[in-house]
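Novice: predicted coordinates and the sequence they were generated for:
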Amino acid sequence: MQGWSKSRIELPETVVMEILSKLPAKSLTRFRCVCKPWCSSFQTSHFITKHQHNNLKNNLNILLKRCRGNTHDDIHYFSALSTEKGQNFLVKENIRLPFFENCWYAPVVSGPCNGLLCLHDAGKAALWNPSTREFKILPQSSVQRPPSVDSTSFGCLGFGFDSKTDDYKVVRFVTYYFDENEEEGFLADWNHQVELYSLKSDSWKEISVPEAQPYGSPLFNNYINGFYYWQATGDSDYLILSFDMANEKFSTLPLPKFGGSLAQYYLELLDFNGSLGAIVYPREGTEKSFDLWVMNGSWTRQFSIEYVSGVERPLGFWKNGELFLEGSNHELVLFDPATRELKTLGIHAYQKTMQLIAYVESLVPINGRSEHEEHIIRQPARDASN
């Protein structure tokens with residue numbers, strides 16, 4: 001056609017960045033090589049925050065921590081599940097973390113927090129961004145230990161974000177045990193210490209020990225809006241211990257009055273739509289009822305799910321209110337409270353080793369190394385069964 005010529009339309013840079021901020025992290029990782037300005041833009045806090053906000057609903061991912069062996073002590077690994085419509089949460093790939101394979105227990109997962117996970121087992125701790133495939137082993141603590149310690153135990157850990165200083169922090173409880181020594185007049189004793197890690201400074205420091213002592217491993221994400229929560233024991237009762245990541249202070253909250261005792265019921269803390277929640281269910285029986293309590297100034301019961309047969313424990317809520325559960329045959333199932341349909345997903349694990357982690361894609365850097373450098377193995381599902 002005469003008079004026609006090709007012309008290139010240049011989009012404003014702000015429009016280009018807005019479009020790019022809506023793409024998955026995997027695509028942006030490839031696009032870093034397109035041009036240097038793009039690579040630099042992807043590393044700014046403004047773009048990282050915008051990308052996270054745009055992906056809150058569109059790019060939610062699921063990792064399932066589990067163990068396929070015949071005992072609880074066999075190797076634990078992570079399965080990435082498909083969240084695409086119609087995929088029924090098929091296993092896409094299985095991920096093994098060699099750093100945690102020679103530990104006494106499976107790595108406990110704290111988080112996610114802005115797409116980051118904190119993994120820990122005994123004295124080992126690491127941060128992991130599964131979206132950018134970056135892994136950072138935390139340094140050994142330089143906090144001074146008391147003399148004459150016979151053994152050390154690393155207990156509960158919390159992970160969260162300090163919005164005031166734009167820093168990610170890890171709080172860890174340590175217990176020191178002293179052997180009985182009758183000749184010198186000492187009896188067996190122990191001492192508690194709390195230490196705090198800062199990603200910005202890449203170092204640990206000691207902080208004050210709270211009066212309440214946390215216990216247990218979280219089944220759900222216990223980090224909510226700048227605070228991390230644990231179940232704890234006080235002088236004479238059970239309560240909730242919280243830690244403010246910005247002020248670095250502990251405080252306590254009461255448990256919901258659910259009409260029973262912790263000897264009869266399990267109580268698990270969780271993030272429910274940005275508020276502190278607690279899901280309560282009976283310890284005995286395979287026909288379970290689940291009560292969800294939410295803290296909004298005071299505890300209120302949000303809703304109840306009555307009489308679900310053939311299940312053991314809850315693992316997490318999904319987008320439309322469905323509840324992931326571990327079935328009595330140790331299979332992952334999905335329950336829809338609206339229709340009361342219980343769907344089996346064909347994914348199995350050794351009893352009570354499943355933990356479901358739903359995280360938002362994130363570009364947050366953790367100053368670590370690549371998964372390849374840390375020898376992390378990703379095995380496609382076609383090469384491994386569910």
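Specialist: That came in fine, so what should we check first?
Novice: from here on, just use CA atoms for contacts and neighbour counts.
Specialist: OK.
Novice: what is the neighbour count of the residue nearest to Gly234 when sequence neighbours are not counted?
Specialist: In this structure, Gly234 finds its nearest non-sequential neighbour in Ala212, 4.6 Å apart by C-alpha to C-alpha, 6 or more residues apart in numbering. Burial of Ala212 is recorded as 20 neighbouring residues (other C-alpha atoms under 10 Å).
Novice: distance check, Ala212 against Lys50.
Specialist: For Ala212, the distance to Lys50 (C-alpha to C-alpha, to the nearest Å) stands at 38 Å.
Novice: kindly report the same for Gly260.
Specialist: 44 Å.
Novice: who has more neighbours out of these two?
Specialist: Lys50 (14 against 10).
Novice: residue contacts, the residue nearest to Ala246 when sequence neighbours are not counted?
Specialist: Closest residue in space to Ala246, ignoring its immediate chain neighbours: Asp162 at 4.8 Å, by C-alpha to C-alpha, 6+ apart. If a contact means C-alpha atoms under 8 Å, 6 or more residues apart in numbering, then Asp162 has Tyr168, Lys169, Gly226, Met245, Ala246 as its contacts.
Novice: list the contacts of the residue nearest the centre of the chain.
Specialist: With distances taken as C-alpha atoms, centre = their mean, the chain has Gly111 as the residue nearest its mean C-alpha position (2.6 Å). Contact analysis of Gly111 by C-alpha under 8 Å, 6+ apart lists Leu117, Cys118, Phe159, Gly160, Asn221, Asn222, Tyr223.
Novice: contacts for stretch 351-361, please.
Specialist: 24-25, 52, 55-57, 59-67, 72, 112, 114-116, 131, 219-221, 315-316, 326, 330.
Novice: could you list the low-confidence segments of the protein?
Specialist: 1-8, 56-58, 69-73, 103-105, 180-188, 382-386 (pLDDT under 70).
Novice: so Ile377 bridges to which residues?
Specialist: Arg96 (DSSP bridges).
Novice: pull up the gap between it and Glu93, please.
Specialist: Applying C-alpha to C-alpha to Ile377 and Glu93 gives a distance of 10 Å.
Novice: check Pro147 too.
Specialist: When Pro147 is compared with Glu93 (using C-alpha to C-alpha), they lie 47 Å apart.
Novice: ok, now Ser370?
Specialist: 18 Å.
Novice: ok, those two, which is more surrounded?
Specialist: Between Ser370 and Glu93, counted using other C-alpha under 10 Å, the more crowded position is Glu93 (21 against 16).
Novice: in the helix or strand where the more buried one lies, what's buried?
Specialist: With secondary structure defined by DSSP states H and E, Glu93 is part of strand 91-96. Residues of strand 91-96 classed as buried by neighbour count (16 or more other C-alpha atoms under 10 Å): Val91, Lys92, Glu93, Asn94, Ile95, Arg96.
Novice: show me the contacts for the nearest residue to the fourth one once chain neighbours are set aside.
Specialist: By that I understand Asn94. Distance criterion C-alpha to C-alpha, 6+ apart; nearest residue to Asn94, sequence neighbours excluded, is Ser79 at 4.4 Å. Listed by C-alpha under 8 Å, 6+ apart, the contact set of Ser79 reads Leu63, Leu64, Lys65, Arg66, Val91, Lys92, Glu93, Asn94, Ile95.
Novice: so what's the third one up against?
Specialist: Okay, so that is Lys65. Lys65 neighbours (C-alpha under 8 Å, 6+ apart): His76, Tyr77, Phe78, Ser79, Thr353, Met354, Gln355, Leu356, Ile357.
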